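Undergrad: coords please:
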Amino acid sequence: DEANLVEIALLTDKPDDGDINSKGWRDAINDEFASMLRNKTWVISNRPNDRDTITSRLVLRTKYKADGSIDRRKARLVARGFTQRPGLDYDETYSPVIRLGTIRLMMALAVEKGMKIHQLDVVTAYLN
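TA: I've put the predicted structure just below:
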């Protein structure tokens with residue numbers, strides 16, 4: 001059995017603007033945790049005695065509009081995976097990232113076939 005454990009300790013980067021206790025930051029943090037719960041990204045479980053806990057960090061960033069005003073505040077909980085040990089904490093890794101050549105091929109085929117091209121942003125794409 002692999003043990004993929006994350007300790008939820010609110011170690012945070014210092015916000016690049018404002019007070020972490022402000023409503024804007026609290027809303028961003030609550031949105032991040034709500035997304036993880038809604039997407040069933042994690043489960044609460046007991047840590048096996050023979051495993052170390054993988055700690056986490058809450059990364060806080062402010063997104064700005066083109067005119068320099070604040071667009072929104074964004075919080076992301078990230079596991080400090082560099083503390084994991086190969087062969088003990090995990091066996092293999094996988095990152096579902098598309099190659100640039102594949103994107104170019106799909107764009108060329110769409111143009112050749114006269115298809116419309118659309119783009120979108122998946123807000124919680126990397127939670128699973």
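Undergrad: so where does residue 111 fall, helix or strand?
TA: Per DSSP states H and E: residue 111 is located in helix 100-112.
Undergrad: so where do the helices sit in this structure?
TA: Ranges of helices in the chain, per DSSP state H, are 23-38, 100-112.
Undergrad: could you say which of these is packed most deeply?
TA: helix 23-38 (a mean of 15; mean count of other CB atoms under 10 Å). No exception for glycine: its C-beta is placed from N, CA and C like everyone else's.
Undergrad: re the thing from before, out of the helices of the chain, which gets nearest to residue 60?
TA: Of all these, it is helix 23-38 that lies closest to residue 60, at 6.5 Å by CB to CB.
Undergrad: look up how far residue 87 lies from residue 47.
TA: Using CB to CB, to the nearest Å, residue 47 is found at 19 Å from residue 87.
Undergrad: the more surrounded of the two?
TA: A count of neighbours by other CB atoms under 10 Å puts residue 47 above the other of residue 47 and residue 87, at 12 against 7.
Undergrad: you'd agree that one is up against residue 53?
TA: Yes: with contacts counted by CB atoms under 8 Å, residue 47 reaches residue 53, the gap being 5.9 Å.
Undergrad: thought residue 83 was touching residue 55?
TA: Yes: judged on CB under 8 Å, residue 83 makes contact with residue 55 at a distance of 7.0 Å.
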